[in-house]
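Give me coordinates for this.
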Amino acid sequence: MASSQANSISPQSLITEDHVKKVLETDKGSDAHLKSWKVVDFTTPGDNYGSVVTCVEVLFSKDNEDDCEVTYVVKLNPLKKIEGFPDLIPYYFSKEGKFYEEIVPALNERLISSGQKPLGFPKCFLVSLEDGKEQIYLEDLRARDFKMFDRRKGLDEDHVALVLAEVARLHAASYLLKKRVLNGAPAAEKYEFLSRDLLNFCPNGKEVFVPLFHSNIDTGIMMLEKVGGYETAINWLKSFKPEVETVLSTLMQSETFNTICHGDCWNNNILFRYDSEGRPIEVMLIDLQACREASLACDLNYFLYTSVTGDVRRPNIDHFLSIYHSTYKAVLESDGIPMYFNEEELLEEFRGKNKVGLIFALSVIPALLMEPSEIPGMEDKDIETLMQEMRMIALDKLKTNPLCKPRYLSLFDEFMETGLIS
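Numbers count the residues shown, from 1 in each chain. Next up, the predicted model:
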């Protein structure tokens, strides 16, 4: 059942002139004078799931300058709730807001001090965590020609290389922070919100998310049954369901490889900038609501098995991990710290976390392949109904979307080839 709040006001109405003034002053200085502002929506259904994203167009003046314009992207509490699902929004916004306010400056300080460029995150101008009115004001990356890649298509080698290099810089910077600032202690000891994951970051998280992932596995089983010829994978998935809680609570951790992770690293949360010939030349990571301290291989698995098709991923795994490794190594060595794992050990850790990749691939791919108009609305329905609707659409995609079958089957072909599924 939709909340009464959701029925009475829109998320966009949470934006106030006071917020806009604070953002403008933070960005442009105290001599910037707000003249007018307006909210302009620009996203489409399916672009965002845990928030409403809009923008504020601002007209302002500064001393001795003509009127100026600037636009800010705003993430807002969506003011809607799924029946039987915990209210995740305060936790999502708290995690992301603290990441921008506390983690990004700390990581960039380490990189800049060792001669590296800052990480690829948008500038954050204001985090407001007032209960029920959460909002985050960010740089509008469209002004620098960043854009989203079509989430329904798999990324090619050039896009993948850029993402893996930036993720490596994020992970390596967190290792520098651990060694140089935190005296070798885990980052989660200082930044408690990094210790909270899906099963413990909100009340009843385990009771909600484990059945949710079970449902996603059931959808995968039904997809394979419709295709036929995958009995080994079907039987393995059925036996794997009881392991999901253990995988999400323990397998994601690694004493040697733990770093600060993005946590939701797929192509819907990545923006690219292109040169005049259409080649990707720069990347920005966005949507940090699932950030956490975990094995670096969790981000790698999440990204490579949700955002890259099998024909690109399978023959290039060694190459992709080599790009990641060399970038990580270069960041550490710029600060005088030796690299502490080789490419073979990285591959072993990556394969050891493949179950994580499979869980999230089965969760993300159904929504990833849907047209925006097909995304089920969340209002006035419970989580079981929503999952049933998602499953029916996903199964229908086997007949209507030529991208669907190879996207699914490549997962199981690869995992049977590597021995994960047997």
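
Let me know the outermost residue of the protein.
Ranked by distance from the centre of the chain (CA atoms, centre = their mean), the top residue is Asn64, with 42.1 Å.

can you pull out the strands in the stretch 1-150 of the chain?
Along the stretch 1-150 of the chain, the segments classed as strands by DSSP state E, counting those that start in this stretch run 32-40, 52-62, 68-76, 124-128, 135-139, 147-148.

tilt between the fourth one and strand 68-76?
Going by axes from the mean of the first three to the mean of the last three CA atoms, to 10 degrees, strand 124-128 is angled at 40 degrees with respect to strand 68-76.

Strand 124-128 pairs with which strands?
Here strand 124-128 has these sheet partners by DSSP bridges: strand 135-139 (antiparallel).

Select, out of the strands of the stretch 1-150 of the chain, the one closest to Glu333.
Set against Glu333 and scored by CB to CB, those come closest in strand 124-128, at 29.3 Å. Every C-beta, even on glycine, is put in place using the N, C-alpha and C of the backbone.

residues in contact with that closest one?
Outside strand 124-128, the residues that touch it by CB atoms under 8 Å, 6 or more residues apart in numbering are 19, 22-23, 26-27, 72, 93, 97-98, 100-101, 104, 134-139.

again, 7 Å this time
Applying CB atoms under 7 Å, 6 or more residues apart in numbering, the contact partners of strand 124-128 are 19, 22-23, 26-27, 72, 97, 100-101, 134-138.

Can you tell me which of those is nearest Pro406?
Nearest to Pro406 among these: Leu138, at 35.3 Å, using CB to CB.

wait, doesn't the closest one sit right on Val73?
Yes. Shown here, Leu138 and Val73 form a contact pair, counting by CB atoms under 7 Å, at 4.7 Å.

number of nearby residues for Lys21?
Neighbours of Lys21 under the rule other CB atoms under 10 Å: 16.

Helix, strand or coil: sort out Ser239 for me.
What DSSP: H, G, I helix; E, B strand; the rest coil gives for Ser239 is helix.

Gln289 too?
The local conformation at Gln289, judged by three-state DSSP, is coil.

Once you drop chain neighbours, what's closest to it?
Tyr92 (3.9 Å; CB to CB, 6 or more residues apart in numbering).

The most centrally placed residue in the chain is in what secondary structure piece?
For the chain, Asp264 is the residue whose C-alpha lies nearest the centre (CA atoms, centre = their mean; 2.6 Å). Using DSSP states H and E, Asp264 sits in no helix or strand.

show me the contacts for it.
With CB under 7 Å, 6+ apart, Asp264 has these contacts: 287, 289-290.

Quick check: of the residues you listed, which lies closest to Lys206?
The nearest member of the contacts of Asp264 to Lys206, counting by CB to CB, is Ala290 at 15.8 Å.

Got phi/psi on the nearest residue to the closest one once chain neighbours are set aside?
Sequence neighbours aside, Gly263 is the residue nearest to Ala290 in space, at 3.4 Å (criterion: CB to CB, 6+ apart). With angles defined as degrees, to the nearest 10, Gly263 sits at phi 90, psi -20.

wait, Gly263 sits on Ser295?
No. Counting by CB under 7 Å, Gly263 does not reach Ser295; the two are 11.6 Å apart.

Quick check: phi and psi at the residue nearest to the centre of the chain.
With angles defined as degrees, to the nearest 10, Asp264 sits at phi -140, psi 50.

Go ahead and confirm Tyr92 touches Cys291.
No. Applying CB under 7 Å as the test, Tyr92 and Cys291 come out as separate, 10.2 Å apart.

Relative to His214, how far out is the nearest residue to Leu224 once chain neighbours are set aside?
The shortest distance from Leu224 to any residue other than its chain neighbours is 4.2 Å, reached at Tyr230 (CB to CB, 6+ apart). The spacing between Tyr230 and His214, counted by CB to CB, to the nearest Å, is 19 Å.

So which of these two has more stuff around it?
Higher neighbour count among Tyr230 and His214: Tyr230, with 22 against 16, using other CB under 10 Å.

Does the more buried one touch Met222 like I think?
No. Applying CB under 7 Å as the test, Tyr230 and Met222 come out as separate, 11.4 Å apart.

Thr259 pairs with what?
Beta-bridge partners recorded for Thr259 (DSSP bridges): Ala294.

Can you get me a residue count around it?
Neighbours of Thr259 under the rule other CB under 10 Å: 25.

Same check on Ile221?
Neighbours of Ile221 under the rule other CB under 10 Å: 19.

mind pulling up the phi and psi values for the residue nearest to Leu224?
The phi and psi values for Tyr230, taken as degrees, to the nearest 10, are phi -120, psi 40.

which of the strands of the stretch 1-150 of the chain sits most buried?
Greatest average neighbour count among the strands of the stretch 1-150 of the chain goes to strand 135-139 (a mean of 23), per mean count of other CB atoms under 10 Å.
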